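# Would you be able to build a 3D model of this:
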Amino acid sequence: MPAVYDQALKRLLTDAHDGVLALLFPRARWVAERSPELPPHRREADLVWEVADSYDDRVLLHLELQADADPELGERLAEYAIRLWRRDHLPVRSVVVALREQGPLTDGRFLMGRGEREPGLHYIYEVLRLWQLPAAQVLALPDERLWPLAALMAGDAATVTLAAAEGIAGAALPRAERSELAGLLTVLAGLRLAPAAVADLMRRSPMIQELIEASSFTRLMREQGEAKGRQEGRQEGRQEGRQEGRQEGQREMAQTILAARFGPLAPDELAALQRADVAALGALAAHVATDSREQVRARLGLPAAQAADRG
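A predicted model of the protein is given here:
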């Protein structure tokens, strides 16, 4: 349809909205026109694979890794599925891989509406709760690259993590790959165990400790810690700088007002102003326009002017 007709038809339907509702949604009441423009979203799914099912039909398998509760999870999965379908026109199977126990986890359905009987989008997905699967199920696999997942699975966290670490250390893999697997294992174990407990486990074997130290995960965590320390230092420095700036501003304002009221300040008054802390400057600023000179000197911790002259 030419754009001019398209726009005219949209205008016609909008102008006659009550009639349109009478046809499509008789019990509804028109409230307002909303913008038809859809906000652009830069979205990226975690993992999308093209797989073949038992009939050799192609399917997109979408895996979404989830460590924390997300109330918008179902909405995001439905959005991803629609976008993937529009891109590839292949069926989409979505699986949420829940890495640790969290708040109420969705039941695997997204309903765009108020209930089952209301027309709208219903999107079904699967939820794989790792902590409900036995760790032995992964540790028994011949592919050692999956063994770090054992730290998140059912069983005593410390025992399972140590078994996985020992298995990775002795695996017939290049040292660099074993190092990366050991580093990933420590990161995942940290989702269930305190950092100190993970470090204590890994120190039991010098070989495991060496592998972890050489991993990119360890370097990354060390760099993140150093960056956080630098950022906190900069923030502390900025706060101190702002505080000093406020103090200096209060000091200059008090000196200007006092000189305007009483004439040039005496050397001991200038020195006392320079020594004054935040509390003293605040008290001085609150009364600088009304205090007598003797009262100002008293606030600065100075003797009366006559006594100072006699001394």
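# can you list the domain ranges for the protein.
For the chain, automatic domain parsing gives the domain ranges 48-132, 136-214, 221-305.
# Quick one, which of the ones you listed gets closest to Glu37.
Nearest to Glu37, of all these, is domain 48-132, at 16.6 Å by CB to CB. For every residue, glycine as well, the C-beta is placed using N, CA and C.
# end-to-end on stretch 8-27?
Length of stretch 8-27, first residue to last, CA to CA, to the nearest Å: 26 Å.
# What backbone torsions are found at the residue nearest the centre of the chain?
The chain has Asp68 as the residue nearest its centroid, 10.8 Å off, counting by CA atoms, centre = their mean. The phi and psi values for Asp68, taken as degrees, to the nearest 10, are phi -130, psi 160.
# And the pLDDT at it?
Per-residue confidence (pLDDT) for Asp68: 83.
# Repeat that for Val4.
On the pLDDT scale, Val4 gets 64.
# circling back to that earlier point, mean neighbour count, the domains of the chain: which tops it?
domain 136-214 (a mean of 18; mean count of other CB atoms under 10 Å).
# mean confidence for that one?
pLDDT averaged over domain 136-214 gives 91.
# tell me the contacts of the closest residue in space to Glu294 that isn't next to it in sequence?
Distances taken as CB to CB, 6 or more residues apart in numbering place Ala304 nearest to Glu294, at 5.4 Å, with adjacent residues excluded. Applying CB atoms under 8 Å, 6 or more residues apart in numbering to Ala304 gives the contacts 294, 297-298.
# just to revisit the earlier point, how about TSV for the domains of the chain, with distance to Arg11 added?
Converted to TSV, the domains of the chain look like this (distance: least, CB to CB, whole Å):
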stretch	distance to Arg11
domain 48-132	26
domain 136-214	55
domain 221-305	54
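# Of all the ones you listed, which one is nearest Gln7?
Checking the domains of the chain against Gln7 by CB to CB gives domain 48-132 as the closest, at 24.2 Å.
# mind listing what Phe110 touches?
By CB under 8 Å, 6+ apart, the contact list for Phe110 reads 74-75, 77-78, 121-123, 125.
# What of Glu50?
Per CB under 8 Å, 6+ apart, neighbours of Glu50: 58-61, 88, 90.
# ok, of the contacts of Phe110, which one's closest to Leu9?
For those, the closest approach to Leu9 (CB to CB) belongs to Leu121, at 25.1 Å.
# So the closest residue to the closest one other than its chain neighbours versus Gly74, what's the distance?
With CB to CB, 6+ apart as the criterion, Leu121 has its nearest non-adjacent residue at 4.0 Å, and that residue is Met112. Separation of Met112 from Gly74 (CB to CB, to the nearest Å) stands at 9 Å.
# Likewise for Leu281?
Taken as CB to CB, the span from Leu281 to Gly74 is 57 Å.
# where do the helices sit along the stretch 201-311 of the chain?
Ranges of helices within the stretch 201-311 of the chain are 206-213, 216-262, 267-275, 278-287, 293-299, 305-310, based on DSSP state H, counting those that start in this stretch.
# out of the contacts of Glu50, who's nearest Leu191?
Leu61 (23.8 Å).
# Doesn't Leu128 belong to a strand?
Yes - judged by DSSP: H, G, I helix; E, B strand; the rest coil, Leu128 forms part of a strand.
# Quick one: residues contacting it.
95-98.
# any idea of the mean pLDDT for stretch 262-269?
Rounded mean pLDDT across stretch 262-269 is 84.
# Any idea how far apart the tips of it sit?
End-to-end for stretch 262-269, by CA to CA: 12 Å.
# got a list of contacts for that stretch?
So stretch 262-269 is contacted by 255, 258-259, 273, 293, 296-297, 300, 302, 305, 308 (CB under 8 Å, 6+ apart).
# With distance to Pro40 added, can I get these in a markdown table?
Below are these laid out as a markdown table (distance: CB to CB, whole Å):
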| residue | distance to Pro40 |
| --- | --- |
| Gln255 | 56 |
| Leu258 | 60 |
| Ala259 | 60 |
| Leu273 | 58 |
| Arg293 | 67 |
| Val296 | 62 |
| Arg297 | 66 |
| Leu300 | 62 |
| Leu302 | 67 |
| Ala305 | 72 |
| Ala308 | 73 |
